[in-house]
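Enquirer: sequence first, then the predicted structure, then my questions.
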Amino acid sequence: MKVGSIFKYFLCIIVICLVISLIYKVPALLKNEDLNVFVHSAYYFKKSHSLGNNAIAILMTMERSAAEKIENSGMSIVEIDDQMYDQTNIINFDIEPLHLTKSDLVTVLAKSNIHSKPIQTELRINDGTIQIPIKKLRKEVFSPVVFCFSPLIMLNQWQKLMLQVLISNKYQGHVHLYISRLTKIYIDVIKYYSKNKLLSYEIWPDTSFAPEDEPLFHFEMRTKKATNTDCLLQFKNIAQFISFPDLEDLLIPNSGLTYSEEFSKYFESSTNLLFYQKINFEFMLNENRWLTDSIIRLVDGSYTGNTIIQPKYYNSTWSHLLNEDEKIPITEKAKNYILHIKKIDWIDVTKSKKFNNIFMNSNISEEIDEQIRMFSVNLPRTDQYAQKNWDCYKSRFYIIHNSDIFKNSRNCTRDSLRSFEGDGSCLRADTITKTGPKLGSFNIFYPTFTFLTETSLCF
């Protein structure tokens, strides 16, 4: 046999061996890939207009690489009944449109229709399973209109919270807050209003595998979408209308005595979604007469807006966007505006021109002012964290939101956002997280208990 032929013979053998090796090794490599998934909440619906009967909805945040593979993963939901009999059910996924997000973390809603109310629910891939606790739906609400506010952070001033709660309740709107990082003063205000049934709240921890060296980046861009969807699911069967505003968005009805009355006029037609445009304002508050003697100044002209929805038609929402696959027959624009508070300052109105209040009548303004005076006497007039966090949020979020370039900012470093002189006045949401056996390539995490802890990091 010629030398050349021998060389070609051995070369063929080597190529065949490499191909066989790849055939066996590639699946093993894929199997060992780590794809992280954080389960925020899971709900069971006996009846639902949009989800159907005996529906399970599981809300998750996951890495982009996991979101790209989740639909073809073979993941299913296992229901276990009171006879300990288990049945496997197909999952349909609502995935946040990947082309619309620049973050590495993606919000996903898993949906399935099972046979009856389970005593235990599990996620399964092949032979691997992990139990997922079911969270209770809200059974009562103090108003047919619910405003869902995504995680509060340090740039939110207590003045904005107080105005939001009192004005919303005046027009029969219910405030539901998610809290992640805030000052002790803020939680005191929240607990006071919660005790008096003016709001409800829940502690919302960071996604456990989010990078800690990116203040506000993944945290702000992703959990807003997850909390909006969680709030929609919680109140889905008992709220007439739901909206997802920012804390500084104030809405005063002008075509009805309550929010429900105004919204209902628009929804009398086939409208399923109502849009309110925002207008930016600055508040210059009088020390003792916030709404009756304060000055409000228009800035920057018009702004974006917020939507009002009928929750029975929707299962998920991506911040200001609804799921692309859900059909919206008509989107109607309201003949009213949201007052978006860009800034709050304190002034002595005796030395300035008074504001002619066009947003509410003087009796209502006086009533709200009286409630504010009773509670705010011991609260600080300045917020040492707000400006630092605003600089961070603006320099990181809006650069990412408006461009394809990620830029570091000297206004947004971990050291710059530490508490002043270690005063311990900052709190963050924490959780005891549980995980189980790996499901294929997926590591599944879920919270078992949430609480607030002191922290020196005030972002």
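Expert: Structure received. Numbers count the residues shown, from 1 in each chain.
Enquirer: quick one, strands of the stretch 151-300 of the chain?
Expert: 173-179, 181-183, 199-203, 241-243, 249-250, 273-286, 295-309 (DSSP state E, counting those that start in this stretch).
Enquirer: bridging residues for Asn36?
Expert: Going by DSSP bridges, Asn36 is paired in beta bridges with Asn443.
Enquirer: go ahead and confirm it touches Ala67.
Expert: No - the criterion here is C-beta atoms under 8 Å, and Asn36 misses it with Ala67 at 10.9 Å. For the C-beta atoms, the positions are set from N, CA and C on the backbone; glycine is no exception.
Enquirer: those two: who's more crowded?
Expert: Under the neighbour definition other C-beta atoms under 10 Å, Asn36 and Ala67 were set side by side, and Ala67 has more, 23 against 20.
Enquirer: surely the more buried one and Val108 touch.
Expert: Yes - the criterion here is C-beta under 8 Å, and Ala67 meets it with Val108 at 5.9 Å.
Enquirer: quickly list what's touching both of the two.
Expert: Ile95, Glu96 (C-beta atoms under 8 Å, 6 or more residues apart in numbering).
Enquirer: tell me the contacts of Ile238?
Expert: Counted by C-beta under 8 Å, 6+ apart, Ile238 has contacts Leu137, Arg138, Lys139, Glu140, Val141.
Enquirer: for it, what are phi and psi?
Expert: Per-residue torsions, Ile238: phi -120, psi -10 (degrees, to the nearest 10).
Enquirer: next, count neighbours for Pro151.
Expert: Neighbourhood size, Pro151 [other C-beta under 10 Å]: 22.
Enquirer: residue contacts, it?
Expert: Contact analysis of Pro151 by C-beta under 8 Å, 6+ apart lists Tyr178, Ile179, Ser180, Arg181, Trp204, Phe219, Thr223, Lys224, Thr227, Ala429.
Enquirer: tell me how many other residues surround the third one.
Expert: To tie it back to what came earlier, the one meant is Ser180. 21.
Enquirer: right, and it touches Ala429 too?
Expert: Yes - if you go by C-beta under 8 Å, Ser180 and Ala429 touch, sitting 4.7 Å apart.
Enquirer: just the helices in the chain please.
Expert: Counting by DSSP state H, one finds helices in the chain at the ranges 3-31, 64-69, 158-170, 184-195, 217-234, 259-267, 362-376, 386-393, 399-402.
Enquirer: ok, of the contacts of Ile238, which come out buried?
Expert: Buried members of the contacts of Ile238, scored by 16 or more other C-beta atoms under 10 Å, are Arg138, Val141.
Enquirer: wait, which of the contacts of Ile238 is closest to Glu282?
Expert: Using C-beta to C-beta, Val141 comes nearest to Glu282 of these, at 32.9 Å.
Enquirer: pretty sure the closest one contacts Phe235?
Expert: Yes - Val141 lies in contact with Phe235 (C-beta under 8 Å); the separation is 6.2 Å.
Enquirer: against Gly436, how distant is Phe45?
Expert: Per C-beta to C-beta, to the nearest Å, Phe45 is found 25 Å from Gly436.
Enquirer: out of those two, which sits in the more crowded spot?
Expert: Using other C-beta under 10 Å, the more surrounded residue of Phe45 and Gly436 is Phe45, with 22 against 16.
Enquirer: ok, what's across the strand from the more buried one?
Expert: Beta-bridge pairing of Phe45 under DSSP bridges involves Ala55.
Enquirer: in contact with it, which residues?
Expert: Taking C-beta under 8 Å, 6+ apart as the contact definition, Phe45 lies against Leu51, Asn53, Asn54, Ala55, Ile56, Ala57, Leu137, Lys236, Asn237.
Enquirer: show me which of these are buried.
Expert: Buried members of these, scored by 16+ other C-beta under 10 Å, are Leu51, Asn54, Ala55, Ile56, Ala57, Lys236, Asn237.
Enquirer: out of those, which is nearest to Thr317?
Expert: Lys236 (11.4 Å).
Enquirer: give me the neighbour count for the closest residue to that closest one other than its chain neighbours.
Expert: Of all residues not flanking Lys236 in the chain, Pro311 sits nearest, at 4.7 Å (C-beta to C-beta, 6 or more residues apart in numbering). Neighbour count of Pro311, defined by other C-beta under 10 Å: 23.
Enquirer: Pro311 against Leu232, yeah?
Expert: Yes - with contact defined as C-beta under 8 Å, Pro311 and Leu232 form a contacting pair (5.7 Å).
Enquirer: shared neighbours, the two?
Expert: Ile242.
Enquirer: can you lay out the strands of the stretch 151-300 of the chain as TSV showing distance to Asp104?
Expert: Putting those into TSV (distance: least, C-beta to C-beta, whole Å) gives the following:
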stretch	distance to Asp104
strand 173-179	21
strand 181-183	20
strand 199-203	24
strand 241-243	28
strand 249-250	28
strand 273-286	29
strand 295-309	25
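Enquirer: put together CSV for those strands, with mean pLDDT on each row.
Expert: Output for these, formatted as CSV (pLDDT from 0 to 100):
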stretch, mean pLDDT
strand 173-179, 93
strand 181-183, 78
strand 199-203, 92
strand 241-243, 94
strand 249-250, 89
strand 273-286, 76
strand 295-309, 68
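Enquirer: of all those, which lies closest to Asp81?
Expert: Taking C-beta to C-beta as the criterion, Asp81 comes closest to strand 199-203 out of the strands of the stretch 151-300 of the chain, the separation being 29.2 Å.
Enquirer: list the buried residues in that closest one.
Expert: By neighbour count with 16+ other C-beta under 10 Å, strand 199-203 contains the buried residues Leu199, Ser200, Tyr201, Glu202, Ile203.
Enquirer: tell me the angle of it relative to helix 184-195?
Expert: Comparing the axes of strand 199-203 and helix 184-195 via axes from the mean of the first three to the mean of the last three C-alpha atoms, to 10 degrees yields an angle of 130 degrees.
Enquirer: pairing partners for strand 199-203, with directions?
Expert: Next to strand 199-203 in the sheet, as set by DSSP bridges, lie strand 173-179 (parallel).
Enquirer: which of the contacts of Ile238 sits closest to Glu96?
Expert: Closest approach to Glu96 among those (C-beta to C-beta): Leu137, at 22.8 Å.
Enquirer: excluding its backbone neighbours, what's nearest the closest one?
Expert: Nearest residue to Leu137, sequence neighbours excluded (C-beta to C-beta, 6+ apart): Tyr43, at 5.7 Å.
Enquirer: Leu123 now?
Expert: Counting by C-beta to C-beta, 6+ apart, Ile130 is the residue found nearest to Leu123 once chain neighbours are left out, at 5.4 Å.
Enquirer: hmm, Ile444 and that neighbour touching each other?
Expert: Yes - between Ile130 and Ile444 there is a contact at 5.0 Å, judged by C-beta under 8 Å.
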